[in-house]
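Chemist: sequence-free structure coming up:
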Ligand code: ADP
């Protein structure tokens, strides 16, 4: 199992402490939002100004056209005058007759009225007024010299003149249109002048809400629909020029002060001017165009308030969008963080599981190794035990054999005695038989021979039993009837018991009592117990020596029980605990090996039984052997 890699980047914002990370993120979001709003403001301003400029262009064009149209219209008037025979007549003779002058004055008055002009007049080559439309008024121009006016200089030089100024007498502002009056030779001999009142031009613009300005070469506003701008300069005038203008009274008592411009800048090719108006500053988009054939310029001022409104709305929208985007981003970040934490938790759980699994495996391996070692140790011990058991078994067999030999040795004397008795009897019966035959009593001899036969039969039985006992046996087990074993043991010991006058009382069932055992071993146990009882009785010289042998089945306990009792001295209490130990004996050297009970114990235990010793209440010893009964055979089905 591999642990999932950490989702945490090694460097960057995620590597910072949480507090700092939040500050950095908030800072970045704020900077980003500010940038977005700034860009929105810039773009909106740019497009709004472009729109405004597009709006201003036709307004400007209209203003220029209307001004141009008026100028074109009025500048024809002095031309017409200059060709008029009545006017030309004025220059025909050096001295003018009053009648000619009067006629000219009347003509000019009529012309002036027809043209809607303020004044119409003609000057001679020196600038003196020869005739005028206002000759009848108290402020008649006739006789006045206007050589100082620029329109005179231009016209006398052969050009059409155009000039704006306040009238020197009337102080009323107006346009002066001039044209040279030429002689038949083509020289300028005089100048025709038509003054058009300023209001004729401005009336066309009075309806426009947009400020329209006409400025001269010095930047002085002289025609406008904004009275507060009039005779103010767009930029400060050089002092000499200002003094000159004041002296010439071209603009009357006009202040000639600069407009209250508080800021002026270019934005994306658009000129923006901020003016101080009242208590606030108002920004305008300034669009300019020159007036053809003049050194004048027409300017249109479009307030940019709507632009600022649009910019405000755009910034608001951009701010809102940024806020929404930030919220959305935060939600995403939160989600990502949660996913990240979940993954990290899963990874931690997986890691913990893997660790405990590894620990468990290591533990299992360790324990398995211990178990394998313990198992090997156990196997070795079992082998050792088995070997030891083999040795014990072998030794036991050898001891059994040895004890049998010992018993045989002891029995030998008794058997010899047993055989001597019948032998002596046989010898006596044989001698008597010969005597009976010699005396001619064959039936008596035959009776003796029968007795001899019986005796030899008995001797044969005895020797057969001995042979069985002495034979080295295998440990093969078989189903044996315990009653048969009791019978053979009794037969073996019968001569001895009879010799010592010991009564053997056997109590056993009528039917077979079968156990799974080796018959020779069982006989050996019985012989040992009976012999020991006989030894004890003899040793204690018990007056009426008696041995009891009881054989019984205990089906409830699934046991066969063999009880050997005697009425001898009993077992000394201190010997009770070690009776079954090998080589424990109370008998004199040469009479007992101390192996009988120990071997019997081994035999009984090998068969899954028990042997125990106790003293009877009324005196004497009691040995009880219990052997397992075979499991009952299931009934065969028919
Ligand atoms: P051995 O007969 O060679 O002494 P056993 O192992 O047969 O060896 O018996 C051990 C001892 O148990 C005897 O020496 C004897 O002291 C005691 N013993 C056995 N049977 C009896 C008995 N029926 N009454 C009294 N003591 C007995």
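Modeler: Looks like it came in fine. Every value quoted in this text rests on a predicted model; they were computed, and no experiment measured them.
Chemist: For stretch 499-511, give me every contacting residue.
Modeler: Identification of contacts with stretch 499-511 by CB atoms under 8 Å, 6 or more residues apart in numbering yields 414, 417, 482-483, 486, 490, 493-494, 497, 530, 534, 537-538, 544-553. C-betas here are computed from N, CA, C, even on glycine.
Chemist: repeat for stretch 549-563
Modeler: Outside stretch 549-563, the residues that reach it (CB under 8 Å, 6+ apart) are 482-483, 486, 490, 504-509, 513, 515, 526, 530, 548, 564-565, 609, 622-629.
Chemist: Run a quick neighbour tally on the residue of the stretch 151-300 of the chain found nearest the ligand.
Modeler: Closest contact between the stretch 151-300 of the chain and the ligand, by CB to the nearest ligand atom, is at residue 268 (134.0 Å). When neighbours are defined as other CB atoms under 10 Å, residue 268 has 12 of them.
Chemist: Nearest residue to residue 580 in space, ignoring adjacent ones along the chain?
Modeler: residue 601 (4.3 Å; CB to CB, 6 or more residues apart in numbering).
Chemist: Could you double-check that the residue of the stretch 151-300 of the chain closest to the ligand lies in contact with residue 51?
Modeler: No - between residue 268 and residue 51 there is no contact under CB atoms under 8 Å: 11.8 Å.
Chemist: buried residues in stretch 426-433?
Modeler: Within stretch 426-433, the residues that count as buried by 16 or more other CB atoms under 10 Å are 426, 429, 433.
Chemist: what sits against residue 426?
Modeler: 452, 455, 456.
Chemist: at 6 Å instead, please
Modeler: Contacts for residue 426 (CB atoms under 6 Å, 6 or more residues apart in numbering) come out as 452, 455.
Chemist: Which strand or helix spans it?
Modeler: Following DSSP states H and E, one finds residue 426 within helix 305-438.
Chemist: so for that helix, what's the average pLDDT?
Modeler: Mean pLDDT, helix 305-438: 84.
Chemist: Quick check: bridge partners of residue 565?
Modeler: Taking DSSP bridges as the rule, residue 565 bridges to residue 548, residue 622.
Chemist: Quick check: it touching residue 621?
Modeler: No - with contacts counted by CB atoms under 6 Å, residue 565 stays clear of residue 621, the gap being 7.0 Å.
Chemist: Helix, strand, or coil at residue 143?
Modeler: At residue 143 the chain is in coil, as set by DSSP: H, G, I helix; E, B strand; the rest coil.
Chemist: Please tell me how far it sits from residue 180.
Modeler: Going from residue 143 to residue 180 by CB to CB, to the nearest Å gives 21 Å.
Chemist: Those two: who's more crowded?
Modeler: Comparing residue 143 with residue 180 by neighbour count (other CB under 10 Å), the higher total belongs to residue 180, at 25 against 10.
Chemist: The ligand contacts on this structure?
Modeler: 528, 532-533, 536, 566, 568-571, 575, 579, 584-587, 592-598, 621 (CB under 6 Å from any ligand atom).
Chemist: Count the residues that sit near residue 90.
Modeler: Per other CB under 10 Å, the neighbour tally for residue 90 reads 20.
Chemist: residue boundaries of the helices in the stretch 51-200 of the chain?
Modeler: Counting by DSSP state H, counting those that start in this stretch, the stretch 51-200 of the chain has helices at residues 85-88, 98-115, 150-156, 198-202.
Chemist: would JSON lines of these with mean pLDDT and mean neighbour count be doable?
Modeler: JSON lines is the format used below for these (pLDDT from 0 to 100; neighbours: other CB atoms under 10 Å):
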{"stretch": "helix 85-88", "mean pLDDT": "91", "mean neighbour count": "15"}
{"stretch": "helix 98-115", "mean pLDDT": "93", "mean neighbour count": "16"}
{"stretch": "helix 150-156", "mean pLDDT": "94", "mean neighbour count": "21"}
{"stretch": "helix 198-202", "mean pLDDT": "79", "mean neighbour count": "16"}
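Chemist: got the ones you listed as JSON lines, with distance to residue 167 columns?
Modeler: As requested, those are exported to JSON lines (distance: least, CB to CB, whole Å):
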{"stretch": "helix 85-88", "distance to residue 167": "21"}
{"stretch": "helix 98-115", "distance to residue 167": "14"}
{"stretch": "helix 150-156", "distance to residue 167": "13"}
{"stretch": "helix 198-202", "distance to residue 167": "10"}
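Chemist: Just to check, the residue nearest to residue 580 is in contact with residue 581?
Modeler: No - using CB under 6 Å, residue 601 is not in contact with residue 581, being 9.1 Å away.
Chemist: Of those two, which one has the most company?
Modeler: residue 601 (19 against 13).
Chemist: can you pull the pLDDT of that one?
Modeler: Note for residue 601: predicted pLDDT of 91.
Chemist: Tell me how many other residues crowd the residue lying closest to residue 235 once chain neighbours are set aside.
Modeler: Spatial nearest neighbour of residue 235, chain neighbours left out: residue 219 (5.2 Å); criterion: CB to CB, 6+ apart. Residues near residue 219, counting by other CB under 10 Å, number 18.
Chemist: show me what contacts residue 219?
Modeler: 233, 234, 235.
Chemist: now residue 283
Modeler: By CB under 6 Å, 6+ apart, the neighbours of residue 283 are 272, 274, 304.
Chemist: Please identify, among those, the one with the most neighbours.
Modeler: For the contacts of residue 283, the largest neighbour count, defined by other CB under 10 Å, is 23 neighbours, found at residue 304.
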